[in-house]
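K.L.:
Sequence first, predicted model second:
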Amino acid sequence: MHVYADNAATTKMSQVAINAMLPYFDKVYGNPSSLHSIGQEAKEALDAARETVAKCLGCEPREIYFTSGGSEADNQAIISAARVGARKGKKHIISTAFEHHAVLHTLNKLEKEGYEVTYLDVKEGHNVTARQVRDAIREDTCLVTTMYANNEIGSILPIAEIGAVCKEAGVPFHTDAVQAAGHLHINVKEQNIDMLSLSGHKFHGPKGVGALYCRRGFPLTNVIEGGAQERGKRAGTENIAGICGMAAALEDACQHMDENMPKVAAMRDKLIEGLSKIPHCALNGDPVNRLPGNVSFCFEGIEGESLLLLLDFKGVSGSSGSACTSGSLDPSHVLLAIGRVHDVAHGSLRLSLSEYNTMEEVDHMLKVVPEVVEHLRKMSPVWRDLQTGKREYIL
Ligand SMILES: *Cc1c(COP(=O)(O)O)cnc(C)c1O
């Protein structure tokens, strides 16, 4: 048995999404900007996909802009709001300490250009409150950007309340909903969201395609210059196959959300309950307002990297704080933001589930993870120091 439990990193494509893409590789391969019938057929597919995505978010088709993914949508939303703000002399932005790098690095770039960013604290409850947002809003605030749900620890933010606070203060509100789209109910109008980013590959659609919802009337800045595609706001010949695959995946996910998500949440809860019995561990993230598929723990006295390698060997593909990738020795900024000290943050494990997982797989993980943690602790000098009292337990 090999269990794929890294669905927050990416998901496998659904058959529905694959089928929706196939015609656009070799049958309807025209350029939607071409006036002939083959081009216009592609244009019709593009329009239909836009309508589908808009319906899933509760907005108008003309408020949807297709992008190359979640990262590009985040960049464009934040840069657009920053430019609008600068024109009015407003250069203050509010965000949180546990955003995705697509948001954080864009904000860092703006800070170098003279913008000031307030990063809301997420230690309390591993989440933020709308009250924190309200208290941080100033006369010169030009944007609030908070994620909808956190990709590492699963906390779901109070988006409707934050939206209401922003609306009352007249401040534009962007949310990185890459982890939420297709998993949680979204209605941008009811939730007072001005801009929202999503990405196809996080809900069983293709990689390299995403969308930015932008409320009508809010002026977007181009981040890709060129032709007049996407109403002049995002140049480049449209990725028709990808866009159609993403739209089909999103529609499928939204249609089956009410039956799929409780099943996924039941697997999550069983996994959390079982893994909590491992001594000296802690659950990361909001225990109540939590993504249906997210399980995130820190285990004291071990290294996340070795944990992952051994788990892979035993048939479980998980992840360990997304910053601990390729060459970076820094622990995840998300785990540090919720107050985990370096040593503890290094021993993290994220298992992220989807509707393609099964209870049998959960049972397999419940058998294997405690074994591997115990095995690694036996070899760990840090664990020995903890056991002999040379070092004090934190968890
Ligand atoms: C995956 C992810 C992104 C990036 O999306 P891409 O389509 O891979 O660029 C942004 N934000 C969050 C919260 C994510 O989980």
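P.N.:
Yep, it's here. This is a predicted model, so every value here is computed, not measured.
K.L.:
got the contact list for residue 355?
P.N.:
Residue 355 sits next to 256, 260, 263-264 when contact means CB atoms under 8 Å, 6 or more residues apart in numbering. Every residue, glycine included, has its C-beta placed from N, CA and C.
K.L.:
Can you tell me which of those has the most neighbours?
P.N.:
Note: the member of these with the most neighbours is residue 264, at 22 neighbours, neighbours being other CB atoms under 10 Å.
K.L.:
Helices - which of the contacts of residue 355 land there?
P.N.:
With helices defined by DSSP state H, the entries of these inside them are 256, 260, 263-264.
K.L.:
export the residues you listed to TSV and tack on distance to the ligand and pLDDT?
P.N.:
Converted to TSV, the ones in helices among the contacts of residue 355 look like this (distance: CB to the nearest ligand atom, whole Å; pLDDT from 0 to 100):
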residue	distance to the ligand	pLDDT
256	21	98
260	19	98
263	21	98
264	16	98
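K.L.:
will you turn those residues into JSON lines that also has distance to residue 153?
P.N.:
Formatted as JSON lines, the ones in helices among the contacts of residue 355 follow (distance: CB to CB, whole Å):
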{"residue": "256", "distance to residue 153": "25"}
{"residue": "260", "distance to residue 153": "21"}
{"residue": "263", "distance to residue 153": "21"}
{"residue": "264", "distance to residue 153": "17"}
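K.L.:
can you name the two of those residues that are farthest apart?
P.N.:
For the ones in helices among the contacts of residue 355, the farthest-apart pair by CB to CB is 256 and 264; their separation is 11.0 Å.
K.L.:
can you pull out the helices in the chain?
P.N.:
Applying DSSP H to the chain gives helices spanning 15-21, 23-26, 37-57, 70-87, 101-112, 130-136, 159-169, 240-275, 304-313, 333-337, 342-346, 359-379, 381-387.
K.L.:
Contact partners for residue 40?
P.N.:
30, 32, 34 are the contacts of residue 40 under CB under 8 Å, 6+ apart.
K.L.:
Now do it against residue 210, distance only.
P.N.:
Taking CB to CB, to the nearest Å as the measure, residue 40 falls 25 Å from residue 210.
K.L.:
Surely residue 344 touches residue 300?
P.N.:
Yes - counting by CB atoms under 8 Å, residue 300 is a contact partner of residue 344 at 6.0 Å.
K.L.:
Overlap of the contact sets of those two?
P.N.:
Common neighbours of residue 344 and residue 300 (criterion: CB under 8 Å, 6+ apart): 394-395.
K.L.:
Report the mean confidence score over stretch 296-306.
P.N.:
Taken as a whole, stretch 296-306 has an average pLDDT of 95.
K.L.:
got the buried residues for it?
P.N.:
Burial within stretch 296-306, assessed by neighbour count using 16 or more other CB atoms under 10 Å, is assigned to 296-304, 306.
K.L.:
ok, now stretch 22-31?
P.N.:
Result for stretch 22-31 [16+ other CB under 10 Å]: buried residues 23-24, 28, 30.
K.L.:
same question, stretch 61-71
P.N.:
Buried residues in stretch 61-71 (16+ other CB under 10 Å): 63-71.
K.L.:
Any chance of a markdown table for these, columns distance to residue 5 and pLDDT?
P.N.:
Below are these laid out as a markdown table (distance: CB to CB, whole Å; pLDDT from 0 to 100):
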| residue | distance to residue 5 | pLDDT |
| --- | --- | --- |
| 63 | 35 | 98 |
| 64 | 31 | 98 |
| 65 | 33 | 98 |
| 66 | 30 | 98 |
| 67 | 28 | 98 |
| 68 | 27 | 98 |
| 69 | 22 | 98 |
| 70 | 21 | 98 |
| 71 | 23 | 98 |
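K.L.:
Give me the subset of the residues you listed that also touch the ligand.
P.N.:
Restricting the buried residues of stretch 61-71 to those adjacent to the ligand (criterion: CB under 6 Å from any ligand atom) gives 69-71.
K.L.:
any chance of these in a markdown table, with distance to residue 248 too?
P.N.:
Shown next, in a markdown table, are these (distance: CB to CB, whole Å):
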| residue | distance to residue 248 |
| --- | --- |
| 69 | 17 |
| 70 | 18 |
| 71 | 22 |
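K.L.:
any idea which of the residues you listed is the one closest to residue 206?
P.N.:
The closest of those to residue 206 turns out to be residue 69 (CB to CB; 9.9 Å).
K.L.:
got a list of what the closest residue to residue 41 other than its chain neighbours touches?
P.N.:
Leaving aside its sequence neighbours, residue 41 sits nearest to residue 28 (CB to CB, 6 or more residues apart in numbering; 4.9 Å). Neighbour list for residue 28: 38, 41-42, 45, 240 [criterion: CB under 8 Å, 6+ apart].
K.L.:
Those residues of the chain touching the ligand, which are they?
P.N.:
The chain comes close to the ligand at residues 69-71, 74, 100, 102, 147, 151, 176, 178-179, 199, 202, 210, as judged by CB under 6 Å from any ligand atom.
K.L.:
I'd guessed residue 350 sits against residue 319; true?
P.N.:
Yes - look at residue 350 against residue 319 with CB under 8 Å: they come within range, at 4.7 Å.
K.L.:
Common neighbours of these two, please.
P.N.:
Shared contacts of residue 350 and residue 319, defined by CB under 8 Å, 6+ apart, comprise 6, 8.
K.L.:
Report the beta-bridge partners for residue 296.
P.N.:
Listed by DSSP bridges, the beta-bridge partners for residue 296 are residue 350.
K.L.:
Hmm, it is touching residue 285, no?
P.N.:
Yes - Residue 296 is within contact range of residue 285, at 5.3 Å (criterion: CB under 8 Å).
K.L.:
if I look at those two, which residues touch both of them?
P.N.:
152-154.
K.L.:
and the protein, what are its domains?
P.N.:
With domains defined by automatic domain parsing, the chain comprises 3-10+257-388, 15-255.
K.L.:
nearest to residue 395, of the ones you listed?
P.N.:
Here domain 3-10+257-388 is closest among the domains of the chain (CB to CB), at 4.6 Å.
K.L.:
For the stretch 251-395 of the chain, give me the ranges with low pLDDT.
P.N.:
Counting by pLDDT under 70, the stretch 251-395 of the chain shows low-confidence ranges at 321-329.
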